[in-house]
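K.L.:
What shape does this take:
(one chain, ligands or ions: 1)
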Amino acid sequence: MGKITKVWLDESENECISCGACEATIEEVFEVPDKMIILKDAEKYFESNDEEIRDAAEGCPVDTIGIAEDGADERVN
Ligand code: SF4
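P.N.:
Numbering: from 1, shown residues only. Got it, this is the predicted structure:
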């Protein structure tokens, strides 16, 4: 497993349903004012909160959280 370097809202297949689960898992990275957004300083937490970020992505009911590793752009999850 690589180092998380990018997290984004990936609506290529489904739309975020604004359930708030990602924010509840790690509020330093995700906020859901309407649809999910990645907070401005989120990158600071990519290393220290790697597990929570992956848990949030896995727990997203519509699979709209993309994770990329090691500076690449392609989604690994
Ligand atoms: S968990 Fe998924 S569907 Fe729910 S708010 Fe976050 S990105 Fe949207």
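K.L.:
Extract the CA atoms of the top helix by length along the chain and return them as CSV.
P.N.:
Determined from DSSP state H, the single longest helix within the chain is helix 50-59. Taking C-alpha atoms only, helix 50-59 is exported to CSV below (Å, rounded to 0.1, in the frame of the first residue of the first chain):
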residue,chain,number,x,y,z
ASP,A,50,-4.4,7.1,6.5
GLU,A,51,-6.5,4.4,8.1
GLU,A,52,-9.5,6.7,8.8
ILE,A,53,-9.4,8.1,5.3
ARG,A,54,-9.4,4.6,3.8
ASP,A,55,-12.3,3.6,6.2
ALA,A,56,-14.3,6.6,5.1
ALA,A,57,-13.8,5.7,1.4
GLU,A,58,-14.7,2.1,2.1
GLY,A,59,-17.8,3.1,4.1
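K.L.:
so what's the residue nearest to Glu47 when sequence neighbours are not counted up against?
P.N.:
Distances taken as CB to CB, 6 or more residues apart in numbering put Lys3 closest to Glu47, at 6.7 Å, once the chain neighbours are dropped. To be clear about C-beta, it is placed using only N, CA and C from the backbone, and glycine gets the same treatment. By CB atoms under 8 Å, 6 or more residues apart in numbering, the residues touching Lys3 are 46-47, 50, 69-70.
K.L.:
again with Gly59
P.N.:
21-22, 25.
K.L.:
Which of those are buried, as a ChimeraX select command?
P.N.:
To isolate the buried members of the contacts of Gly59 in ChimeraX, using 16 or more other CB atoms under 10 Å:
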select :21,22,25
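K.L.:
The contacts of Gly59 in helices, which ones?
P.N.:
Per DSSP H, the contacts of Gly59 map to helices at 21-22, 25.
K.L.:
pLDDT and distance to the ligand added to these, as CSV?
P.N.:
Below are the ones in helices among the contacts of Gly59 laid out as CSV (pLDDT from 0 to 100; distance: CB to the nearest ligand atom, whole Å):
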residue, pLDDT, distance to the ligand
Ala21, 98, 4
Cys22, 98, 3
Thr25, 98, 8
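K.L.:
for the longest helix of the chain, which positions count as buried?
P.N.:
50, 52-54, 56-57.
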